[in-house]
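Chemist: Provide a 3D model corresponding to the input given below.
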Amino acid sequence: MRADATRNLERVLSTGARMLADDPSATIAAIAAAAGVDRRTVYRRFASREDLMAAVYGARYDAVEEAMEAARLREAPVAVALHRYVEGIIAVNRKWPVETSRMLREVTIGERRRRLIDEVDAFLRRATDEGLLRSDLPPGWVATVLPPLMEHAAEDLSELSAAQAADVVVDTLLRGVGTPQAR
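Modeler: Okay, here's the model as predicted:
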């Protein structure tokens, strides 16, 4: 793909993610206009709005996979890997703010999602085994509370960089929200 075509595709997908997060009924024509490309360009690439949405979901998962790879969940020290992972996912959530409940219904995403969940679960077991996370919590509890923390940080801490927002999430995860005297 030519460099300009690649840039246009990236612009259409990231614009589509933002617009669809704000208005799930956004049209291809509106997305094309906001991305600064001709709507025919978008229609040549995507036969339907559903095809465009599937491409947005795929791009989001590409970004999640890249963030997980950069975090080095299997080999980096667990505290470092946790922060890198949280920072990376916050950045992904900001760039690709698609409604995940709609994305989860996309059949083509299912296998990728399962593989990513398994990798994070393995990392969280490692973090527990190495003493970073408590071992007395119900099974799966950290995996349940971490994603909403990252999502809220991406949305509600927009004045902070992804790294600063990750500091807040990791601190909340590891130390809770009680005052130091209460612990």
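
Chemist: give me the pLDDT for Pro148.
Modeler: Note on Pro148: pLDDT of 94.

Chemist: now the element after the helix or strand encompassing it, going C-ward?
Modeler: Pro148 is part of helix 141-156, with elements assigned from DSSP states H and E. Following the chain from helix 141-156 toward its C-terminal end, the next helix or strand by DSSP H and E is helix 162-175.

Chemist: can you list contacts of that following helix?
Modeler: 82-83, 86-88, 90-91, 94, 132-133, 142, 145-146, 149-150, 153-154, 157, 160, 183 (Cβ atoms under 8 Å, 6 or more residues apart in numbering). Every C-beta, even on glycine, is put in place using the N, C-alpha and C of the backbone.

Chemist: which of the residues you listed are buried?
Modeler: Burial by neighbour count, judged by 16 or more other Cβ atoms under 10 Å, picks out 82-83, 86-88, 90-91, 94, 132-133, 142, 146, 149-150, 153-154, 157 from the contacts of helix 162-175.

Chemist: residues near Val4, how many?
Modeler: One correction, residue 4 is Asp, not Val. 8 (other Cβ atoms under 10 Å).

Chemist: following element in sequence after the helix or strand hosting it, please.
Modeler: If you go by DSSP H and E, Asp4 is part of helix 3-22. Downstream of helix 3-22, the first helix or strand assigned by DSSP H and E is helix 28-35.

Chemist: off-centre distance for that following helix?
Modeler: In terms of Cα atoms, centre = their mean, to the nearest Å, the centre of helix 28-35 is found 23 Å from the chain centre.
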